[in-house]
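1. prediction below, plus the sequence it came from.
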Amino acid sequence: MEKPIQMLVGPTALPHRVMLAMDQNAYSHRSEYYKETQHSVTEGMKKIFGTKNDVLVLTTSGTGAMEATIQNCFSPGDEVIIPINGAFGELFYNVAKGYDLNIIRVDFEYGMEQNVEEVMQLVTDNTKGVFVIHNESSTGVVNNIEKYGEALKNTNALLVVDSVSGAGGINIEMDNWNIDIIFTASQKALMAPPGLSFVALNDKAWDAVEWIKNPRYLFNFSKDRDYVHRDLTVHTPATHTLLAIQEGLNMIFEEGLDNVLARHIENMHAVRDGVRKLGLDLLVNDDSCASPTLTTISAPGNASYYVNELAKRNIIVGGGKSPLNKDTFRIGTMGYVSKNDVIAVLTALAEIVNQ
Ligand SMILES: Cc1ncc(COP(=O)(O)O)c(C=O)c1O
């Protein structure tokens, strides 16, 4: 019997309950049923983000949420700082460049945590934003958002956080940590298919939205917020991804968010311990910034061998992310991943190492 185990970095494995939740006919995005569903999802997302702020519902992927945030909250020429320690920091940089922001980039080694003090030395009264990836999915490093929030709270700058591969799998506290803007997407730790993204802004960020000079149509946060107040979206949303995410959130809250976060940490430690015992190399050596949602293994020139050998054993893991694609592979522990899945991947890796 073939029973694949998926330990991916997104889109991640779907629980059977989530798949069943989508097994419905089309329904109107103006119906009461839709409104109730969206309401429960946005209330759930407030808990995931740790916020009382409104959560906007965008039908787009994580990159779309990133672009919509830049388009709606920053104008051409605005000075922003983008610390980069992986491919998704690079993505943030490229999207910001597309909107003609005046970017100060700060490069850190891939696999290392960003140094908040070093970044803060560059913040002045002119800094309009600091854009940070919470969980760098290309390497498996968690950046210290709480420390950024503390350092930036009395400045003019907005702290903009991409938690696409963090939210729902790694603790994040928008209100307590002074995060001004946060976004995530449906297909990672939230256990739903791609299609939806969620963005929350605090009052400081909403003030910035008032002054924006960019043209906008599809994603207009002021209009999106008016509609969210009525549990609607402006245009046709991804109705079935919404059903999926509602069920994903139900599962998270039934398990208990704290327990879910603890499970991610436990699974991360189990993967890291096992990989070390097998004599394989971790890309991120420092346990204190290692990601609970994914672990990257260094296998210079040999990464696809491991991915293929695991696939032969019905275990599907993520390949490396460019520019580390030939030299690393990634074991996802985000979302619907149990301790037994971790045991299975480590057993298979042991077999591959010893063959
Ligand atoms: C941290 C991070 N940011 C942004 C993105 C881009 O999201 P998407 O592929 O949904 O556009 C990803 C995707 O993996 C990601 O991991």
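-> Right, received. Where do you want to start?
2. quick one: residues contacting the residue of the chain found nearest the ligand.
-> Closest residue of the chain to the ligand, CB to the nearest ligand atom: Gly62 (2.5 Å). All C-beta atoms are positioned from the backbone trio N, CA, C, and that covers glycine. The contact partners of Gly62, by CB atoms under 8 Å, 6 or more residues apart in numbering, come to 162, 164, 183-185, 197.
3. and Leu282, by the same measure?
-> Leu282 neighbours (CB under 8 Å, 6+ apart): 272, 275-276, 290, 295-298.
4. which of those lies closest to Val353?
-> Proximity to Val353 was ranked across the contacts of Leu282 by CB to CB; first place goes to Val275, at 9.9 Å.
5. contacts only, for the closest one.
-> Val275 neighbours (CB under 8 Å, 6+ apart): 282, 295, 297, 346, 349.
6. distance to Asn214 and pLDDT added to those, as a markdown table?
-> Below are those laid out as a markdown table (distance: CB to CB, whole Å; pLDDT from 0 to 100):
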| residue | distance to Asn214 | pLDDT |
| --- | --- | --- |
| Leu282 | 41 | 98 |
| Thr295 | 38 | 98 |
| Ile297 | 41 | 98 |
| Leu346 | 48 | 98 |
| Leu349 | 48 | 98 |
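7. among those, which are in strands?
-> Cross-referencing the contacts of Val275 against strands under DSSP state E gives 282, 295, 297.
8. make a markdown table out of the residues you listed and add distance to the ligand.
-> Converted to a markdown table, the ones in strands among the contacts of Val275 look like this (distance: CB to the nearest ligand atom, whole Å):
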| residue | distance to the ligand |
| --- | --- |
| Leu282 | 19 |
| Thr295 | 14 |
| Ile297 | 18 |
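9. thinking again about what came up before, weed out the non-buried ones from the contacts of Leu282.
-> 272, 275, 290, 295-298 (16 or more other CB atoms under 10 Å).
10. quick revisit: which of the contacts of Val275 lies closest to Pro323?
-> Ile297 (16.2 Å).
11. and the protein, which residues reach the ligand?
-> The chain comes close to the ligand at residues 10, 61-63, 88, 91, 133, 137, 162, 164-165, 185, as judged by CB under 6 Å from any ligand atom.
12. can you list the residues you listed in a markdown table and add pLDDT, distance to Lys326 and secondary structure?
-> Listed next are those as a markdown table, based on pLDDT from 0 to 100; distance: CB to CB, whole Å; DSSP: H, G, I helix; E, B strand; the rest coil:
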| residue | pLDDT | distance to Lys326 | secondary structure |
| --- | --- | --- | --- |
| Gly10 | 94 | 21 | coil |
| Ser61 | 98 | 25 | coil |
| Gly62 | 98 | 24 | helix |
| Thr63 | 98 | 24 | helix |
| Phe88 | 98 | 19 | helix |
| Leu91 | 98 | 20 | helix |
| Ile133 | 98 | 22 | strand |
| Ser137 | 98 | 18 | coil |
| Asp162 | 99 | 25 | strand |
| Val164 | 98 | 24 | coil |
| Ser165 | 98 | 22 | coil |
| Ala185 | 98 | 26 | strand |
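13. most widely separated two among those residues?
-> The widest separation within the residues of the chain next to the ligand (CB to CB) is 15.2 Å, between Ser61 and Ile133.
14. which one's more surrounded, the two?
-> The neighbour comparison of Ser61 against Ile133 (other CB atoms under 10 Å) goes to Ile133, with 31 against 19.
15. wait, that one sits on Asn144?
-> No. Contact criterion CB atoms under 8 Å: Ile133 and Asn144 do not qualify, at 11.7 Å.
16. now the longest helix along the chain: buried residues?
-> For the chain, the helix with the greatest residue count under DSSP state H is helix 257-277. By neighbour count on 16+ other CB under 10 Å, the buried set for helix 257-277 is 257, 260-261, 263-265, 267-272, 274-275.
17. okay, helices next: where are they in the stretch 151-300 of the chain?
-> Remark: helices assigned in the stretch 151-300 of the chain by DSSP state H, counting those that start in this stretch are 203-210, 221-228, 239-255, 257-277.
18. which one of those lies nearest to Ala26?
-> Closest among the helices of the stretch 151-300 of the chain, once you apply CB to CB, is helix 239-255, at 7.2 Å.
19. ok, residues contacting the closest one?
-> 14-15, 17-22, 24, 26-27, 29, 34, 37-38, 40-41, 44-45, 47-48, 57, 168, 186, 190-196, 260, 263, 335.
20. which positions within that helix qualify as buried?
-> 239-249, 251-252.
21. could those go into CSV alongside pLDDT?
-> Converted to CSV, the buried residues of helix 239-255 look like this (pLDDT from 0 to 100):
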residue, pLDDT
Thr239, 98
His240, 98
Thr241, 98
Leu242, 98
Leu243, 98
Ala244, 98
Ile245, 98
Gln246, 98
Glu247, 98
Gly248, 98
Leu249, 98
Met251, 98
Ile252, 98
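22. what sits against Lys223?
-> Val234.
23. so Gly335 touches Val9, yeah?
-> No. Using CB under 8 Å, Gly335 is not in contact with Val9; the gap is 10.2 Å.
24. find residues that contact each of these two.
-> The contact lists of Gly335 and Val9 share Lys188, where a contact means CB under 8 Å, 6+ apart.
25. of those two, who's got more company?
-> Gly335 (30 against 25).
26. pLDDT score assigned to that one?
-> The per-residue pLDDT reported for Gly335 equals 98.
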